[in-house]
Structure formats: structure tokens, C-alpha cells
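Asks: No letters, just coordinates:
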């Protein structure tokens with residue numbers, strides 16, 4: 001009797017261009033341990049819902065389509081869908097991303113062997129909407145990461161690669177306000193270790209139409225900050241908090257420089273200094289250290305390319 005203990009949860013909205021590839025990539029996985037594929041269409045205006053109905057009719061044993069009668073928003077759509085999952089494991093996938101062969105089986109087998117882990121992630125291939133390769137999602141090495149490690153260096157995890165123990169999803173489902181993926185990862189890190197595989201087993205689309213990071217950067221920064229502040233103070237040391245807030249300030253500095261929006265940095269600087277457990281001078285020093293670390297990492301890649309080494313572009317550096 002095959003073990004069927006994985007629920008795949010896909011959220012989608014206005015992704016008619018990508019949803020077929022997304023669903024086909026899940027159906028191409030080894031289905032021995034697959035219990036169900038739940039797909040929640042958040043009241044799309046395009047043909048996403050029609051394509052989902054087509055797949056539901058073609059694969060009734062596997063796919064269950066949920067069509068929201070009104071637009072809920074990404075957070076509510078995810079919470080509602082996760083609450084329907086029945087498997088021992090829950091695998092999340094955004095409707096514009098896709099999986100590579102062997103992803104689910106490899107992760108589930110790893111989690112079976114490591115009960116101390118609350119969730120497992122993999123690296124991802126970043127692609128443009130036309131499937132052109134852009135590089136790697138992160139530069140994180142394979143290993144285990146605890147709450148402090150995640151908080152200190154910020155969010156580098158790919159959400160569409162995430163497989164978690166379903167009972168541990170409850171704190172996410174119980175969240176009252178809108179949130180981003182960093183909030184999910186921090187909640188899971190409070191319940192166990194997070195495993196990262198350095199294998200590339202996901203396709204992550206950058207610059208996809210409607211992507212929140214592209215259209216609502218200011219809101220993403222606010223929700224990122226809120227996710228950090230929501231971590232119980234007793235779960236982190238003063239050093240962890242200071243390093244994490246300095247890393248966030250470093251990210252804002254780099255965004256301000258890239259976008260030539262220095263008012264953004266000026267607005268965030270006093271907020272982070274007030275929240276940091278360290279002095280303003282220490283916060284500045286930690287931020288400078290984080291900035292130098294990133295510059296050196298990027299500079300080393302440029303040097304290697306100049307000498308003919310094949311070095312892929314990295315979207316998120318740890």
C-alpha cells in the first residue's frame with residue numbers, strides 16, 4: 001500500500017501564462033507519496049480559473065480546484081488553502097513557479113530522517129517570464145539553520161521550494177494580518193530547524209506580472225519589518241536582534257542606492273536605530289560590516305568571471 005502523506009498547495013491569481021507549467025511540473029513528480037494537489041484560484045480576471053477547471057476534470061484523482069468567489073489577497077488565500085490540507089507534509093508552490101523532477105520525494109525522505117526539522121527548502125533556478133535562465137535564487141550552502149541564523153542574515157529561502165510538517169502550519173493559518181514569506185519562515189524556525197538543500201529543484205520566475213516584490217516594494221519592506229518585530233523577544237539574543245536589524249538596514253541602503261531613492265534610507269534609519277538593542281554607533285558599524293560582506297561577495301564573483309570562471313548571478317545573498 002503506497003504511502004500518501006504529501007499535500008501540495010498551490011496559490012494562483014491571474015497566472016494563465018504559467019499555471020499549466022506549474023501543474024504539469026507537480027504531476028511529473030513521483031506520486032507514490034502524493035495525497036492531493038490543492039489549487040486555490042483567487043478570483044482571477046483572466047483564464048486561470050478555466051485552465052484549472054480543465055486540469056481538475058482531466059486529473060480528478062489528484063487535483064482539487066478551489067475558486068474563491070471574491071478576491072481574498074495572497075495571505076488569506078494561502079491560509080484558507082493550507083487549512084484544507086490533510087497530508088502529514090505540506091508542500092507550497094506559487095502558481096507562476098514550477099518544480100524540477102525528484103523534488104518532492106527527495107525532500108520528504110530527508111524529513112523522514114530528520115524529525116528535528118520543521119521544514120526543508122532547496123535552491124531554485126531564476127527564470128524570466130519567457131523561461132530564459134537568469135541564475136540562482138540564493139548562495140546558501142546545504143545545512144541546517146536555526147531561528148538566530150535566519151534572523152541575523154535575513155530571508156534567503158525560496159518559498160516555492162518549501163515542504164513543512166503540516167501541523168506546524170497552524171501558527172501561519174492563525175495569523176490575523178497580511179504577511180509575506182519571511183513571516184512564514186520565522187514561524188517555522190521557532191518550531192524546529194530549517195533544512196536547506198543546495199540542489200536546484202525549483203524554477204522561480206523573476207519580474208513576473210503582478211509579483212508583489214515588483215509592484216509593492218514599500219509594502220513588502222513594512223511586512224518584512226513586521227515579521228521581524230513579531231518574533232518573541234525571548235527567542236533571540238541582543239546580538240541576534242542587532243545583527244538582523246543591521247542586515248535589514250543594509251538591504252534598504254542597497255535598494256535606495258539602486259533606485260536613487262535616498263529618502264527611503266533616511267526614513268528607515270531612525271526606525272531601525274530606535275528598535276535595535278544596541279547603540280546607534282554599533283548599529284552603524286554592523287550595517288557597514290553587512291554592506292562590506294555583500295560587496296566583497298559580489299566583487300569576488302566579478303573577479304572570477306573576468307578570469308573566465310562560470311559564475312551564475314545570485315538573486316539573494318546570505
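Replies: Structure received. This is a predicted model, so every value here is computed, not measured.
Asks: Residue 196 against residue 119, yeah?
Replies: No - Residue 196 is beyond contact range of residue 119, at 9.9 Å (criterion: C-beta atoms under 8 Å). For glycine as for every other residue, the C-beta is placed from the backbone atoms N, C-alpha and C.
Asks: how close does residue 101 sit to residue 124?
Replies: Using C-beta to C-beta, to the nearest Å, residue 101 is found at 14 Å from residue 124.
Asks: thinking again about what came up before, which of residue 196 and residue 119 has more neighbours?
Replies: residue 119 (28 against 22; other C-beta atoms under 10 Å).
Asks: By mean pLDDT, point me to the weakest helix or strand of the chain.
Replies: When the helices and strands of the chain are scored by mean pLDDT, DSSP states H and E, helix 212-215 comes last with a mean of 48.
Asks: ranges for the strands of the stretch 1-150 of the chain?
Replies: In the stretch 1-150 of the chain, the strands defined using DSSP state E, counting those that start in this stretch lie at 6-12, 34-41, 63-67, 89-94, 98-99, 117-127, 133-138, 143-145.
Asks: Of the ones you listed, give the one that comes closest to residue 294.
Replies: strand 133-138 (13.0 Å; C-beta to C-beta).
Asks: Remind me what that closest one packs against, helices and strands.
Replies: Using 3 or more C-beta pairs under 8 Å, 6 or more residues apart in numbering; DSSP states H and E as the contact test, the elements touching strand 133-138 are strand 117-127, strand 193-205, strand 314-316.
Asks: Tell me which residues of it come out buried.
Replies: 134, 136-138 (16 or more other C-beta atoms under 10 Å).
Asks: Check stretch 264-275 too.
Replies: For stretch 264-275, by 16+ other C-beta under 10 Å, it's 264, 268-269, 272-273.
Asks: Okay, domains of the chain per the record?
Replies: 6-213, 237-310 (automatic domain parsing).
Asks: Mind checking the pLDDT average for the last one?
Replies: Average pLDDT, domain 237-310: 93.
Asks: quick one: that domain to chain centroid distance?
Replies: From the chain centre to the centre of domain 237-310 is a distance of 20 Å (C-alpha atoms, centre = their mean, to the nearest Å).
Asks: where do the strands sit along the stretch 151-300 of the chain?
Replies: Under DSSP E, counting those that start in this stretch, the stretch 151-300 of the chain gives strands at 163-165, 193-205.
Asks: For these, give me JSON lines that also has mean pLDDT.
Replies: Formatted as JSON lines, the strands of the stretch 151-300 of the chain follow (pLDDT from 0 to 100):
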{"stretch": "strand 163-165", "mean pLDDT": "98"}
{"stretch": "strand 193-205", "mean pLDDT": "97"}
